[in-house]
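>>> okay, predicted coordinates and the sequence, questions at the end:
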Amino acid sequence: MPDDLSVFFEGELVFNGINAVTGDYGQPPLSSEALARLIRGTPLPADYRAFVEHQKKLAVLTDVGDRLQRVTDAQIALRIKAEQIRLSELRFKAQDQPSWPVIPGAGDPTDLANVGWAVIFPAELHPGVSEEIQTALQPLLELRKEQAGELYRLLDGADAYRPGERKDQYFSRIGVGPGLADPRELPFYVLLVGTPEQIPYSFQYQLDVMRGVGRLDFSSDIEAYAAYAQAVVAAERGEFARPRRMAFWAPKNRGDRATEMSARLLVRPLLENLVGIAGERTAMDTGLPDLDVPLDVDWELLTPSGVPFSADLSSDDVRYATWSHLYDLLGGDPDQLPALLFTASHGVEFPANHPAQVEEQGALLCQDWPGLGADVLRDHYFTAADVDGRADLAGLMAVFFACHSAGTPELDQFASQAFQVREKIAPFSFTAALPQRMLQRGALAVLGHVERAWGYSFISPGGRLENQAFVTAMRMLMNGDPIGMATDASFNMRYAEMSSDLSADLEELKWDPSYLDADELVYRWTANNDARSYVVLGDPAARLPLVTPETEPETRPDLGTITGAEPAGEDALDVSMAPSPQAQAFASQIDAVRPPTSPGTSSATAQAWETDRISVAPTEAIGPQSAIGYGLEDQFEQLKTSLRSFTRQLATSLGNAAEDLVTLDVRTYSAADLAAVARALDNREEIQATLRALTRVEFDGDLQVYVAEKENQRVDETFWAIHKAMVEEAQNSRANFLATMAELATRLLDSLRIGI
Amino acid sequence: MPSAPNIDDHRPQSDSDSFRFTFSGLDLPDSADPLGVWQFAPSSTTSTARFAAQDVPASEQDGLRWHIELPAADSEARAELSERLSAVDRRQAQLDQVEQRLSELQSSQLTATRDAKIPYAALPDPESELLRAVAALQRAPTAYAQNRRDASAYQKVLDRAEQLLLQFRRLVQYYARVETAIGAQSVGLTVVDWSGDYRTTWQDGVTASELARHLDAVRLAMASRHALLRLVSVVTSGALELATKASVPGGQVLLLPAVYKYVRDVLEELDRYAESQGLAG
């Protein structure tokens, strides 16, 4: 793993999601080993104690008492059965079938006439309310019926989803078989209408494995349903179109590795990839075919700072991931509204039953927050109430990589898996308010996260970037594909594969604890959970209403263009210019100091060297600050600091040496066991040796000489001779050494002086 | 980068079995001695990629260590030591040539020339490669902001520069220790601290010739250290001047690896030339 990435895996792992009450991570940091134990369901007592202590701390803060509850054996058995069914489908999708979960012969899955469209209502909904909602949605239902024809289904009444049903139970009841989606039984695109209490998230996850699923949850706000239906219909009837503009918004909060990771390892590579696919990136010479979904036309890609993506993008742009910038992007400034918005940030979370939880959990934490441990104030995060009341978000789609950004379940899946306890993290399951508000204001769909988002899912322990799901989803959306299809081909496929693999891994680990190391297990588990928990809010068949290249206004700014240096290489060599005097002078000067027939340099080359042409033009200076991005700036700054430190160290040492110059000590010992002396030096132990001679050379040239006498009171002439030679050697060596060091220090100090 | 020629490369295996000139404490690129005199031995303490001031210890146990094993035949040992000391002296002289050649390159204006206009094919290989590296770094900020591949290449430059700087620091900061064994028997051990004080311990009963060979070994080791310091000086000052001339973003520090390689390449060229002329290599 590259060193700059390994820092994310050092020490304890941190997770996305900031508790707005504590200003700290919602999920306390864990070592990869501890998390691996929890994933395997084999926690140590200390793990459980830490978990309980965390709950107590939150309970005190919110005065909600003990929220832990043991799971009964029956509940565990039911969960296992549901898991077995789910896994069989996941394996089927991941391994047994090619790439699409619709039966062969269905045809183009972007065409509703081929794969159908369905809407499922919950049986729990009061019939009168259900009827009102259907009336409000009527324009949308009519449109989908028109598009899907015979493959349109409205599942209500006897076919409505009933409380507590698993997917397989529901399918069995309405006559749908498992496996590949047969649109004749149940269409591919399925819209769930209702709250996650009425149709739980678990059902949505299960259904999503083989279908493109979305959810509309405006509770009993009938007008919101009507507004949404009108917005989708207007978009698909071509009443308006949005310019192909995608904006990114990604804070990096101080002292917070989670947002550092999402900004560096998710947003930046995604931006880069999209620019490259748009054909405006420097050609990559990998020798491998480009298998990414191609973009049909170029897009305008706006960085978090709101400027077109370009080469001089600096990390400072995170400072623009502020509340006010997001406000502008979400309708506060109509000119800034993108067609597609991608954010990566913390979602704020609250202890269960906190008065603000239902309205504000999953709100996006902005750059305005001072950083980890600081109080989270209301104006540090962006929530539903912050969307301008006059905002027109018509045609917008958004992707939120943030905890709880799509919603929150009542019970914590993590605690359930790790400790076999039910932890209530909310009074009830609910949909996040911000996307609901956006859909009311004309947005077509929001792809967000239920529960925690796991930042470690997009970088493997080996340092491999695992962002293909994001890349695929974004490119399909940008090509105008339905969001339900875009997510199925990306996150759902990834979920299928990861989940299938993970279940096998966990089984193997029961027998061979060394089968996977902790880092790899943590990665696979978080990647699996991450992929599962992305859900679409809105109609899964919705697609971006984009201007076509033919209808694009001529004034459309040419954004996303990369400004770079001229292509390098000999192909670009201009040989038509006259030889410069500098070139000729250089040639002769080099000749004077290089071997005349140096192997490796042919005579032809030497000839060309003298006759070739060069022109001299000052290179445009690019400030070091331009070399910022990808997080390399930290390493670069560290390197410069090291050079300065080295130089100062050298200067200081020279200064100290000047003081030491008053004396030069040369000591000669003898020992019975020289190997023991070497070992003692290695171990910094006392040396067993006899001092035979010491010469101290004073600065003024005086010598102090101490020589041991032999038993016969005569000096050992041999030793004395060699000692004298050693003194001479020491004097010469010191003089040479200090001269070289002084020269080196002077040169390095020059570099500091001119600020290199 | 091809390894620089080493005296041991030309020695028949049977001879080299009785001589061993190893040097540990530095991890220079390719684990090759730019002086061509020593075999670099792996050091457990030099692989740290990142460092801070406190990471560079100054203890004897972590210092530079020269270990010389000589045959019992004194005449052979003396000749070998003498030859290697001459090789180090030649390197010092060659470094003068390298520095002069580097200086000429810097004053040629080629370093201020646009990449596309540089007649790479017409330049000697080391100069050509160095200027290509300079050009790559000139456009690095724009290039590496565009795609991961360039960013990855830039990352490698940073890593190499960092590693090289670490080794330079070790060279100037550490204690030096010279150990001599003759006929598999340790005869002398000298520790030289940074201020130049010498502490030598002899094995009881060593002969006069053994004492003399250890003294030769110390001279060779210290001459090598000075030559390496001189090389560091050439590299750092060369990188500084190039950075200034070529307006390389990031300046001197990023050019350290490229200039180090340049110095190595020129030294190798000079060696090959000497060899082709039948001169002592």
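Noted; the coordinates are in hand.
>>> bridge partners for the nearest residue in space to residue B:33 that is not next to it in sequence, pull those for me.
Leaving aside its sequence neighbours, residue B:33 sits nearest to residue B:40 (C-beta to C-beta, 6 or more residues apart in numbering or on different chains; 5.8 Å). Just so you know, the C-beta spots here come from the backbone N, C-alpha and C atoms, and that holds for glycine as well. For residue B:40, the beta-bridge partners are residue B:23 (DSSP bridges).
>>> quick check: which ranges of chain B have low pLDDT?
Along chain B, segments meeting pLDDT under 70 span B:1-17, B:42-62, B:109-122, B:139-154, B:173-174, B:248-251, B:277-281.
>>> centroid residue for it?
Against the mean C-alpha coordinate of chain B, by C-alpha atoms, centre = their mean, the closest residue is residue B:34 at 3.9 Å.
>>> which residues touch that residue?
B:4, B:28, B:91, B:228, B:231, B:263, B:264, B:267 (C-beta atoms under 8 Å, 6 or more residues apart in numbering or on different chains).
>>> again, only using 10 Å
Taking C-beta atoms under 10 Å, 6 or more residues apart in numbering or on different chains, we find residue B:34 in contact with B:3-4, B:28, B:91, B:95, B:227-228, B:231, B:235, B:260, B:263-264, B:267-268.
>>> quickly note the distance from it to residue B:267.
Computed as C-beta to C-beta, to the nearest Å, the residue B:34 to residue B:267 distance reads 6 Å.
>>> ok and the residue in the stretch 601-750 of chain A nearest chain B?
Going by C-beta to the nearest C-beta, chain B is nearest to residue A:734 of the stretch 601-750 of chain A, at 3.3 Å.
>>> from what I see, that residue and residue A:728 are in contact.
No - judged on C-beta atoms under 10 Å, residue A:734 makes no contact with residue A:728 at a distance of 11.0 Å.
>>> who's more crowded, those two?
Using other C-beta atoms under 10 Å in any protein chain shown as the criterion, residue A:734 and residue A:728 rank with residue A:734 on top: 21 against 13.
>>> give the helix, strand or coil label for that one.
helix (DSSP: H, G, I helix; E, B strand; the rest coil).
>>> quick one, grab the pLDDT at it.
Note on residue A:734: pLDDT of 79.
>>> helix, strand or coil for the closest residue to chain B within the stretch 101-250 of chain A?
Proximity to chain B, evaluated over the stretch 101-250 of chain A using C-beta to the nearest C-beta, is greatest for residue A:248 at 14.6 Å. The three-state label given to residue A:248 by three-state DSSP is strand.
>>> count of neighbours near the residue nearest to residue B:33?
18.
>>> that one and residue B:32, how far apart?
Distance, residue B:40 to residue B:32, by C-beta to C-beta: 7 Å.
>>> compare the contacts of residue B:34 and tell me which is most surrounded.
Among these, the one with the most neighbours (other C-beta under 10 Å) is residue B:235, at 29 neighbours.
>>> look up phi and psi at residue A:447.
Main-chain dihedrals, residue A:447, degrees, to the nearest 10: phi -100, psi 120.
>>> how about the strands in chain B?
With DSSP state E, the ranges of strands along chain B come out as B:20-24, B:39-40, B:64-70, B:176-182, B:185-192, B:198-203.
>>> format the ones you listed as CSV; extra columns: distance to residue A:704.
Output for the strands of chain B, formatted as CSV (distance: least, C-beta to C-beta, whole Å):
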stretch, distance to residue A:704
strand B:20-24, 34
strand B:39-40, 39
strand B:64-70, 29
strand B:176-182, 24
strand B:185-192, 20
strand B:198-203, 15
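>>> and the helix or strand containing residue A:729, what's buried?
For residue A:729, the host element (DSSP states H and E) is helix A:717-753. Buried residues in helix A:717-753, counted by 16 or more other C-beta atoms under 10 Å in any protein chain shown: A:719-720, A:722-723, A:725-727, A:729-731, A:733-734, A:736-738, A:740-742, A:744-745, A:747-748, A:750-751.
>>> before we move on, back to that, for the residue of the stretch 101-250 of chain A closest to chain B, give the beta-bridge partners.
residue A:342.
>>> flag the helix or strand of chain A with the lowest per-element mean pLDDT.
Taking mean pLDDT, DSSP states H and E as the measure, the helix or strand of chain A with the lowest value is helix A:603-611, at a mean of 29.
>>> what stretches of the stretch 651-756 of chain A score poorly on pLDDT?
Applying pLDDT under 70 to the stretch 651-756 of chain A flags the ranges A:651-662, A:698-703, A:708-715, A:749-756.
>>> and with 80 instead?
Where the stretch 651-756 of chain A drops to pLDDT under 80, the residues are A:651-664, A:682-687, A:697-719, A:734-756.
>>> ok so, going back, looking at the strands of chain B, spot the one closest to residue A:438.
Relative to residue A:438, the nearest member of the strands of chain B by C-beta to C-beta is strand B:39-40, separated by 62.2 Å.
>>> in terms of secondary structure, what does the closest one contact?
strand B:20-24 (3 or more C-beta pairs under 10 Å, 6 or more residues apart in numbering or on different chains; DSSP states H and E).
>>> for the strand it packs on, packing partners?
strand B:39-40, strand B:64-70, helix B:74-107, strand B:176-182, helix B:208-246.
>>> and of the ones you listed, who's closest to residue A:156?
helix B:208-246 (72.6 Å).
>>> now do the buried residues in that closest one.
Burial within helix B:208-246, assessed by neighbour count using 16+ other C-beta under 10 Å, is assigned to B:210-246.
>>> the residues you listed also near chain A: which ones?
Among the buried residues of helix B:208-246, the residues lying close to chain A (C-beta under 10 Å from any C-beta of the partner chain) are B:210-212, B:214-216, B:218-219, B:221-223, B:225-241, B:243-246.
>>> so where's the stretch 201-350 of chain A uncertain?
Scanning the stretch 201-350 of chain A for pLDDT under 80 picks out A:220, A:264, A:268-269, A:272-320.
>>> residue B:78 and residue B:220, how far apart?
12 Å.
>>> ok, now residue B:101?
Counting by C-beta to C-beta - residue B:101 and residue B:220 are separated by 27 Å.
>>> next one: residue A:523
Relative to residue B:220, and taking C-beta to C-beta, residue A:523 is found at 52 Å.
>>> again with residue A:242
From residue A:242 across to residue B:220, the span is 75 Å (C-beta to C-beta).
>>> check residue B:66 too.
Taken as C-beta to C-beta, the span from residue B:66 to residue B:220 is 8 Å.
>>> same check, this time on residue A:340
Note on residue A:340: its distance to residue B:220, by C-beta to C-beta, is 68 Å.
>>> wait, residue A:448 touches residue A:433, no?
No - assessed by C-beta under 10 Å, residue A:448 is found out of contact with residue A:433, at 11.5 Å.
>>> which one's more surrounded, these two?
Using other C-beta under 10 Å, the more surrounded residue of residue A:448 and residue A:433 is residue A:448, with 28 against 19.
>>> need phi/psi at the more buried one.
phi -140, psi -170.
>>> for the closest residue in space to it that isn't next to it in sequence, give its distance to residue A:449.
Excluding its sequence neighbours, the residue lying closest to residue A:448 (C-beta to C-beta, 6+ apart) is residue A:406, at 3.0 Å. Look at residue A:406 and residue A:449: by C-beta to C-beta, they are 5 Å apart.
>>> joint contacts of the two?
Here residue A:406 and residue A:449 share the contacting residues A:347, A:362, A:400, A:432, A:533, A:534, A:535, scored by C-beta under 10 Å, 6+ apart.
>>> inside helices: which ones of the residues you listed?
In this view, the shared contacts of residue A:406 and residue A:449 have no member that belongs to helices under DSSP state H.
>>> in strands, which of those residues fall?
Short answer: those in strands (DSSP E) are A:400, A:534, A:535.
>>> list the contacts of the last one.
Read it as residue A:535. A:192, A:196, A:201, A:204-205, A:208, A:213-215, A:405-407, A:431, A:435, A:446-450, A:487, A:491.
>>> residues contacting the nearest residue to it once chain neighbours are set aside?
Nearest residue to residue A:535, sequence neighbours excluded (C-beta to C-beta, 6+ apart): residue A:406, at 5.0 Å. Residues near residue A:406 by C-beta under 10 Å, 6+ apart: A:196, A:201, A:204, A:215, A:347, A:362, A:400, A:431-432, A:434-436, A:446-451, A:453, A:533-537.
>>> many thanks, have a good one.
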